[in-house]
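>>> sequence and computational prediction follow.
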Amino acid sequence: MKKIGIIGAGSWGTALATVVADKGNPVKIWDIDAGHLQRMEENRENVDYLPGVPLGENIAIALSQEDALRDADVVLFSAPAQHFRSALEGALPYIKDDALIINVAKGIEQKSLKRMSEIAADVLDMDRYVMLSGPSHAEEVGRGLPTTCVISGPKRETAEYLQGIFTSPVFRVYTTPDTLGVELGGSLKNVIALAAGTARSIRRRRADTVFRPRRTSSPATRKRGAACSRSASAPAARSSPPRRRKSAS
């Protein structure tokens, strides 16, 4: 068993907490929103972001960031990409020197255009760092539906070790050395999807405009129209001149 500390109690952080907790690992999860944590504790469920998925007995709601990270063997960051830098820097004083770091945020930092691993490299020994990504949905993972993901990092041994912690009968984790590809794929997939959807919508709208079908009339209207058309096209009847009577001779 390994102690897992999670920063960020959104849908994905909570779903991954259930994955490792179901394998018997004690998990502590913390979020910057104290009200959100209180609701999770009261309901034993993430009613705000992952409703319908109960929190198992191995998942504890941490009272503080220090409480979540103090003894953690593995620290998982599930903060939004634009807040990953501040979340990492704020957590560092409480993370053990030999703890392994997993980041699941997808994106590129707007102010620096750095990938998440480049941000981590500014403050971490990268032999401790990996990222987890994949074509997955938190609600499916939380409900235990079969899912595959990928772990990537500079050091293969670290990636393979964490692969073993997360892999379960319904959550399959692969490893790859292509960290750049994983990060760019995760960052750009939604951009490409939105652009493709917008282009398709525009094309369909133009097609509807050009090939708009003619309006159809009711049978009664068509019948009246046909009758009017026949009467209008029929030639007018000409009156024949009166016959002259022959006079008697």
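Here it is on my side, so go on. All values reported here derive from a predicted model rather than from experimental measurement.
>>> skip the chain neighbours and tell me the closest residue to residue 179.
Nearest residue to residue 179 in three dimensions, chain neighbours excluded: residue 152, at 4.4 Å (C-beta to C-beta, 6 or more residues apart in numbering). (Each C-beta comes from the backbone N, C-alpha and C, glycine too.)
>>> ok, now how distant is the one you found from residue 29?
24 Å (C-beta to C-beta, to the nearest Å).
>>> what residues of the longest helix seen in the chain count as buried?
Across the chain, the longest stretch assigned as helix under DSSP state H is helix 179-210. Neighbour-count burial for helix 179-210, counted by 16 or more other C-beta atoms under 10 Å, picks out 179, 182, 183, 185, 186, 187.
>>> wait, residue 133 sits on residue 179?
No. Look at residue 133 against residue 179 with C-beta atoms under 8 Å: they stay out of range, at 9.8 Å.
>>> thinking again about what came up before, please produce a markdown table containing the buried residues of helix 179-210, extended by distance to residue 64 and pLDDT.
Below are those laid out as a markdown table (distance: C-beta to C-beta, whole Å; pLDDT from 0 to 100):
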| residue | distance to residue 64 | pLDDT |
| --- | --- | --- |
| 179 | 32 | 93 |
| 182 | 32 | 93 |
| 183 | 30 | 93 |
| 185 | 35 | 89 |
| 186 | 30 | 87 |
| 187 | 31 | 86 |
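>>> what stretches of the protein score poorly on pLDDT?
207-249 (pLDDT under 70).
>>> residue ranges of the strands in it, please?
4-7, 27-30, 45-46, 50-54, 59-61, 74-77, 100-103, 129-133, 147-152, 171-176 (DSSP state E).
>>> quick check: can you name the pairing partners of the fifth one and their directions?
Within its sheet, strand 59-61 is paired with strand 27-30 (parallel), according to DSSP bridges.
>>> would you quantify the distance from the residue nearest to residue 179 to residue 185?
10 Å.
>>> need the residues touching each of the two.
residue 133 (C-beta atoms under 8 Å, 6 or more residues apart in numbering).
>>> picking that back up, more neighbours, residue 152 and residue 29?
residue 29 (26 against 21; other C-beta atoms under 10 Å).
>>> how close does the more buried one get to residue 21?
The gap separating residue 29 from residue 21 is 10 Å, by C-beta to C-beta.
>>> what is in contact with these two at once?
With C-beta under 8 Å, 6+ apart as the test, residue 29 and residue 21 both reach residue 59.
>>> how about the residue positioned nearest the centre of the chain, what does it touch?
By C-alpha atoms, centre = their mean, the chain has its centre lying nearest to residue 137, at 6.6 Å. When contacts are counted by C-beta under 8 Å, 6+ apart, residue 137 touches residue 147.
>>> cutoff 10 Å now
Neighbour list for residue 137: 11, 12, 15, 143, 145, 147 [criterion: C-beta atoms under 10 Å, 6 or more residues apart in numbering].
>>> Produce a ChimeraX select command limited to the buried residues of those.
The ChimeraX selection below is limited to those of these classed as buried (16+ other C-beta under 10 Å):
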select :11,12,15,147
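>>> just the contacts of residue 137: which are in helices?
With helices taken from DSSP H, the overlap with the contacts of residue 137 comprises 11, 12, 15.
>>> how far away is the last one from residue 160?
To tie it back to what came earlier, the one meant is residue 15. In terms of C-beta to C-beta, residue 15 sits 22 Å off from residue 160.
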